[in-house]
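> Build me a structure from this.
(one chain, ligands or ions: 2)
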Amino acid sequence: MSRLKIAIQKKGRLNESSLSILRECGIEIPNGAGKLIAESSNFPIDILFLRDDDIPQYVHQKVADLGIVGENVLIESRKKVSMLKKLGIAKCRLSLAIPKDIPYEGIRFFQDKTIATSYPQLLQSYLDRQAIRAQIEEISGSVEIVPGLGLAAGICDIVSSGSTLFSNGLKEVELVMKSEAVLIGSEHLEGEKALLLQQLLFRIDAVLSSKGKKYILLNAPNDKIDAIVRILPGMKSPTILPLAAKGWSSLHSVIDEDQFWEHIDELKKAGAEGILVVPIEKMIQ
Ligand code: PRP
Ligand code: ZN
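Ligands and ions are numbered 1, 2, ... in the order given. This next block holds a predicted model:
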């Protein structure tokens, strides 16, 4: 029986979210700090822990069948691996940042200056689009310390919560691209591995579809059901069950969480009672 090999980030923002989406897919992964490889006990998949920047290369060389990386890392690598799915997790931005006390009046600031980054390709094409000529200094890590050392006027790096910039006295001044985690894979998987990938993708879809969705249950007098169904656009064909109390029913449906908060007052006014909103773990479309 073959086993899939998936490469994820060893340490950093993406490590935890990659592990948690795999675990939400029902894949058990042993906790082993510092290990380079972990074998799932209940799904034929091995997890390889690597530096994220190396993952596209490993997938390209078929050392790993799959990988989870930031879209920015995938584009920067320019490797011919497929993006199989956007995962909607680890959302972040690739941004330009400068020391917080330096005045900034626009992108012309960077003309003829030096910018440090781990993403020279992405930065260069952004600067070309902006018609800015600057010196790009490629650095593989801890880019945020460079301006403080006087080695560059600014940096181009990933910003998520912003705390790394903040603690290094930097401010974000331009957005270069938005990014999120993506599942990548080698172009062709064969036989059993292709089948396993289908199973994994099926599970990922089920996990992603349930995100932002809630299961709603409410009670309503029978003559108010139509009005209530009209208020919640997602509630196309709710399940309607009679209650023991005569003339009353219970309505069940799946809705977007945002939608619920927008319409809660209207629902109550229309006669809904005993409203329950519960989480959905998986959703098969
Ligand atoms: C990025 C970036 C910062 C951090 C920013 O690193 O280089 O170190 O995330 O996040 P924050 O805004 O929440 O502080 P990443 O996780 O991509 O790891 P790597 O650069 O070491 O690959
Ligand atoms: Zn990295």
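> C-alpha only now, for contacts and for neighbours.
Will do.
> Tell me where the stretch 151-285 of the chain has strands.
Using DSSP state E, counting those that start in this stretch, the strands found in the stretch 151-285 of the chain span residues 154-159, 170-179, 181-185, 213-221, 239-242, 248-256, 273-279.
> closest one to residue 62 among these?
Ranking these by proximity to residue 62 (CA to CA) places strand 181-185 first, at 8.9 Å.
> Excluding chain neighbours, what is closest to residue 243?
Distances taken as CA to CA, 6 or more residues apart in numbering place residue 249 nearest to residue 243, at 5.0 Å, with adjacent residues excluded.
> scratch that, residue 1 is what I was asking about
residue 192 (7.5 Å).
> Equivalent analysis for residue 272, please.
Nearest non-adjacent residue to residue 272 (CA to CA, 6+ apart): residue 220, at 4.9 Å.
> ok, the one you found - contacts?
By CA atoms under 8 Å, 6 or more residues apart in numbering, residue 220 lies in contact with 248, 249, 250, 251, 271, 272, 273.
> Return the set of residues that bridge with it.
For residue 220, the beta-bridge partners under DSSP bridges are residue 249.
> Get me the contact residues on the stretch 51-200 of the chain for ligand 2.
52, 53 (CA under 5 Å from the ion).
> got the residue ranges for the helices in the stretch 51-200 of the chain?
55-60, 71-77, 120-129, 163-167, 191-210 (DSSP state H, counting those that start in this stretch).
> which one of the ones you listed is the most hemmed in?
helix 55-60 (a mean of 23; mean count of other CA atoms under 10 Å).
> which residues of the stretch 51-200 of the chain score low on pLDDT?
For the stretch 51-200 of the chain, no stretch has pLDDT under 70.
> Quick check: the gap between residue 72 and ligand 1.
Residue 72 is 9 Å from ligand 1, where distance means CA to the nearest ligand atom, to the nearest Å.
> Test my guess that that residue contacts residue 179.
Yes - between residue 72 and residue 179 there is a contact at 6.0 Å, judged by CA atoms under 8 Å.
> Overlap of the contact sets of the two?
residue 94.
> Can you tell me the centre-most residue of the chain?
residue 89 (1.6 Å; CA atoms, centre = their mean).
> I'd assumed residue 17 was in contact with it.
Yes - the criterion here is CA under 8 Å, and residue 89 meets it with residue 17 at 6.9 Å.
> excluding its backbone neighbours, what's nearest residue 277?
residue 216 is the one closest to residue 277 (CA to CA, 6+ apart), at 4.5 Å.
> so who does the closest residue to residue 227 other than its chain neighbours touch?
Residue nearest to residue 227 in three dimensions, not counting chain neighbours: residue 270, with 6.8 Å by CA to CA, 6+ apart. For residue 270, the contacting residues are 224, 227, 228, by CA under 8 Å, 6+ apart.
> residues near the first one, how many?
Applying other CA atoms under 10 Å, we find 15 other residues in the vicinity of residue 224.
> tell me the contacts of it?
Applying CA under 8 Å, 6+ apart, the residues near residue 224 are 270, 271.
> For residue 71, see how far away it is.
Distance from residue 224 to residue 71, counting by CA to CA, to the nearest Å: 48 Å.
> repeat for residue 43
For residue 43, the distance to residue 71 equals 26 Å [CA to CA].
> now swap in residue 161 and tell me
Distance from residue 161 to residue 71, by CA to CA: 18 Å.
> Please parse this protein into its domains.
4-89+180-210, 92-179, 213-279 (automatic domain parsing).
> and residue 285, which of these is closest to it?
Residue 285 lies closest to domain 4-89+180-210 among the domains of the chain, at 7.4 Å (CA to CA).
> quick one: that closest one to chain centroid distance?
Domain 4-89+180-210 has its C-alpha centroid displaced from the chain centroid by 13 Å (CA atoms, centre = their mean, to the nearest Å).
> First-to-last residue distance for that domain?
25 Å.
> ok, now stretch 265-282?
28 Å.
> can you pull the buried residues of it?
267, 270, 271, 272, 275, 277, 280, 282 (16 or more other CA atoms under 10 Å).
> now stretch 26-44
Quick answer for stretch 26-44 (16+ other CA under 10 Å): 27, 28, 29, 37, 38, 39, 40, 43.
> Now do the contacts for the fifth one.
This points to residue 38. Neighbour list for residue 38: 29, 30, 32, 46, 47, 48 [criterion: CA under 8 Å, 6+ apart].
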